[in-house]
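K.L.:
One predicted model, sequence on top.
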Amino acid sequence: MADVRSYNSPLREEKSRETREAILNALYRLMNAAIVPDEISMEAIANEAGVQRRTVFRHFPAKDDLLTAFWPWLNAHMGASTAPKSVKDVVGGPKEAFPRFDAHEAAVRASLHSRTGREMRLGMVATRRLRFAGALAPVLSTLPPAEAVRVEALAHLLYSASAWEVLKDYGGLTGAQAGETASWALDTILSAVASGSVAADVPSTAKENGNEH
């Protein structure tokens with residue numbers, strides 16, 4: 001009897017993974033139908049996944065549990081790296097990621113504007129800051145602390161889904177063009193700071209020139 005249980009256990013685990021994946025894919029498809037994710041019912045997700053409602057709750061006891069699992073799944077599904085390890089990774093990040101955002105536009109916009117999407121991003125802020133600080137250390141270590149904070153903040157802004165959305169909606173760019181633009185801006189800023197050819201302390205410079213308002 002023990003042998004039968006041992007044999008069946010991997011099969012049950014695989015079936016469970018397949019069902020979980022089907023549920024997450026169902027939510028993704030519904031989201032691409034321009035439905036606000038916070039408003040998608042568990043029943044609709046079950047119907048789309050082809051499973052019973054209680055099956056969804058067995059894998060995700062509450063709607064927030066499902067959405068909390070969904071956002072990291074979406075990042076993996078898009079193949080967009082969120083863990084730069086070097087200055088090169090930060091500079092090239094938008095160029096690589098933004099075209100991928102285009103291919104999953106509805107879901108990415110939902111991550112920006114839904115309650116659970118915002119909560120997910122806020123929950124990742126501390127880890128993201130550590131990764132960016134480590135990746136940018138060769139540049140940031142040459143700057144006074146206040147200037148390093150500004151440069152790192154700009155890197156966070158330009159390498160983000162928010163930048164992708166603004167460049168598309170206000171700049172009229174495609175995802176690929178937005179990625180090229182953000183990567184160019186990051187390269188320009190980081191190269192200038194690293195070479196010392198441009199002061200990062202813009203407010204102080206303005207004050208010295210008598211342009212403080």
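P.N.:
Now that the structure is in, tell me what you want to look at.

K.L.:
Going by C-alpha atoms from here, please, whenever you check contacts or count neighbours.
P.N.:
OK.

K.L.:
count of residues packed around Thr181?
P.N.:
A count of neighbours around Thr181, defined by other C-alpha atoms under 10 Å, yields 18.

K.L.:
any idea how far it lies from Leu30?
P.N.:
With distances taken as C-alpha to C-alpha, to the nearest Å, Thr181 is found 31 Å from Leu30.

K.L.:
and the helix or strand that contains Lys88, what does it pack onto?
P.N.:
Assigned by DSSP states H and E, Lys88 belongs to helix 87-103. Counting by 3 or more C-alpha pairs under 8 Å, 6 or more residues apart in numbering; DSSP states H and E, the packing neighbours recorded for helix 87-103 are helix 115-135, helix 161-169, helix 175-195.

K.L.:
ok now that helix, how far from the chain's centre?
P.N.:
Centroid separation between helix 87-103 and its chain, computed with C-alpha atoms, centre = their mean, to the nearest Å, is 11 Å.

K.L.:
same question for that helix, mean pLDDT?
P.N.:
For helix 87-103, mean pLDDT rounds to 94.

K.L.:
repeat for stretch 177-185
P.N.:
98.

K.L.:
tell me the domain boundaries of the protein?
P.N.:
2-67, 79-202 (automatic domain parsing).

K.L.:
ranking those domains by mean pLDDT, which is last?
P.N.:
The bottom spot among those, by mean pLDDT, belongs to domain 2-67, with a mean of 85.

K.L.:
closest to Val87 out of the helices and strands packed on helix 87-103?
P.N.:
Ranking these by their distance to Val87 (criterion: C-alpha to C-alpha) puts helix 115-135 first, at 5.5 Å.

K.L.:
Dump the closest one to PDB, restricted to CA.
P.N.:
The C-alpha trace of helix 115-135 is given here as PDB (Å, rounded to 0.1, in the frame of the first residue of the first chain):
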ATOM      1  CA  ARG A 115      -5.400  47.600  -5.800                       C
ATOM      2  CA  THR A 116      -3.600  44.300  -5.600                       C
ATOM      3  CA  GLY A 117      -1.200  45.200  -8.300                       C
ATOM      4  CA  ARG A 118      -0.200  48.300  -6.300                       C
ATOM      5  CA  GLU A 119       0.100  46.300  -3.100                       C
ATOM      6  CA  MET A 120       2.300  43.800  -4.900                       C
ATOM      7  CA  ARG A 121       4.700  46.500  -6.100                       C
ATOM      8  CA  LEU A 122       4.800  48.100  -2.700                       C
ATOM      9  CA  GLY A 123       5.600  44.800  -1.200                       C
ATOM     10  CA  MET A 124       8.600  44.400  -3.600                       C
ATOM     11  CA  VAL A 125      10.100  47.900  -3.000                       C
ATOM     12  CA  ALA A 126      12.600  46.900  -0.300                       C
ATOM     13  CA  THR A 127      13.900  44.000  -2.300                       C
ATOM     14  CA  ARG A 128      14.000  46.000  -5.500                       C
ATOM     15  CA  ARG A 129      16.000  48.800  -3.800                       C
ATOM     16  CA  LEU A 130      18.600  46.300  -2.600                       C
ATOM     17  CA  ARG A 131      19.000  44.800  -6.000                       C
ATOM     18  CA  PHE A 132      19.300  48.200  -7.700                       C
ATOM     19  CA  ALA A 133      21.700  49.500  -5.100                       C
ATOM     20  CA  GLY A 134      23.900  46.500  -5.600                       C
ATOM     21  CA  ALA A 135      23.800  46.700  -9.400                       C
END
